[in-house]
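S.K.: Sequence isn't available, so here's the structure alone:
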């Protein structure tokens with residue numbers, strides 16, 4: 001693929017390598033980094049990212065990007081603020097180096113849950129992030145399963161919001177033997193559209209759990225709407241953070257007569273007590289994608305399984321670079 005450069009932030013180098021292999025790009029063209037604990041520096045191929053002693057991020061692009069299509073891959077996880085700042089600086093560095101187009105590939109969009117003014121003096125931080133990316137010089141955003149689809153409207157530049165749904169459907173059919181006897185369950189009202197879409201494509205029933213929150217990450221009461229008696233319950237959500245909601249939902253489904261309970265979440269954040277809760281939960285498996293690195297989480301919790309979505313992102317990059325439609329990816333997994 002001529003006139004294309006792929007750079008990686010420090011958040012998810014494995015995903016960048018998988019994408020480059022899929023695109024049949026020489027991995028040396030991607031800035032894959034290795035952490036150095038002593039110097040707080042990232043040794044990179046063709047780009048240098050380091051932190052000064054006061055923790056400021058410094059970026060040096062080590063090869064010409066003049067007239068090139070540049071794709072910078074950085075996901076929202078771990079040290080989110082550092083990774084976001086790193087992405088902004090890399091975008092700006094490429095833009096002022098005369099790159100033809102700079103696209104930010106952000107599999108898990110940071111601050112996506114702060115998308116509306118739901119109480120007095122609440123910030124709309126995802127709008128702020130959108131403004132920062134635009135001001136930095138991004139010409140295009142590629143992301144996956146935004147927490148709220150209206151975030152696309154916060155940008156004045158093109159945004160491709162890809163979906164992990166086709167990969168999840170494929171995994172359910174291949175890995176759950178009795179999936180035809182399943183019920184797709186949404187852990188909250190906000191995910192009803194996602195759940196009904198999956199249930200329709202599998203031709204199975206769906207159910208909904210209504211929850212009332214005391215405060216963020218703390219659920220007070222849950223009510224199941226639907227019948228899961230003697231069925232396999234498949235919980236589907238866009239992200240799993242502290243996992244309090246999905247673990248309570250799983251208990252509720254078992255109480256209601258479900259034979260087995262699975263969870264499918266696109267973004268496995270797993271912060272705070274999440275791993276402990278999942279190890280003590282009734283789930284048969286918790287399936288997430290690799291929009292966020294999962295190697296350490298899978299070691300700590302054998303119930304966690306991972307779907308590789310690098311082929312979807314790689315195909316989106318290829319189609320964007322060649323000026324092709326990406327709508328094919330909304331309902332199909334590229335081979």
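M.R.: Yep, it's here. Quick caveat: nothing in here was measured; it's all calculated off a predicted structure.

S.K.: List the residues that contact residue 93.
M.R.: Contact analysis of residue 93 by C-beta atoms under 8 Å, 6 or more residues apart in numbering lists 59, 60, 61. C-beta here means a position set from N, CA and C on the backbone, and glycine is covered the same way.

S.K.: And the strands in the stretch 201-335 of the chain?
M.R.: 205-215, 218-225, 232-240, 260-268, 285-289, 304-307 (DSSP state E, counting those that start in this stretch).

S.K.: wait, residue 286 sits on residue 240?
M.R.: Yes: because the distance of 7.1 Å satisfies C-beta atoms under 8 Å, residue 286 is recorded as touching residue 240.

S.K.: Number of residues surrounding the closest residue to residue 74 other than its chain neighbours?
M.R.: Excluding its sequence neighbours, the residue lying closest to residue 74 (C-beta to C-beta, 6 or more residues apart in numbering) is residue 9, at 3.2 Å. Neighbours of residue 9 under the rule other C-beta atoms under 10 Å: 27.

S.K.: Residue 169 versus residue 9, what's the distance?
M.R.: From residue 9 over to residue 169 the distance is 30 Å, taken as C-beta to C-beta, to the nearest Å.

S.K.: Same question for residue 245.
M.R.: 23 Å.

S.K.: out of these two, which sits in the more crowded spot?
M.R.: Neighbours per residue (other C-beta under 10 Å) separate residue 245 from residue 169, with residue 245 holding more: 21 against 18.

S.K.: from memory the more buried one sits against residue 221, does it?
M.R.: No: assessed by C-beta under 8 Å, residue 245 is found out of contact with residue 221, at 11.9 Å.

S.K.: Quickly list what's touching both of those two.
M.R.: Joint contacts of residue 245 and residue 221 (C-beta under 8 Å, 6+ apart) are residue 211.

S.K.: domains of this protein?
M.R.: Following automatic domain parsing, one gets these domains for the chain: 4-163+310-330, 165-307.

S.K.: Just to check, residue 210 is in contact with residue 191?
M.R.: No: using C-beta under 8 Å, residue 210 is not in contact with residue 191; the gap is 11.7 Å.

S.K.: So between the two, which is more surrounded?
M.R.: Each of residue 210 and residue 191 has its neighbours counted (other C-beta under 10 Å); residue 191 has more, 17 against 13.

S.K.: Three-state assignment for the more buried one, please.
M.R.: helix (DSSP: H, G, I helix; E, B strand; the rest coil).
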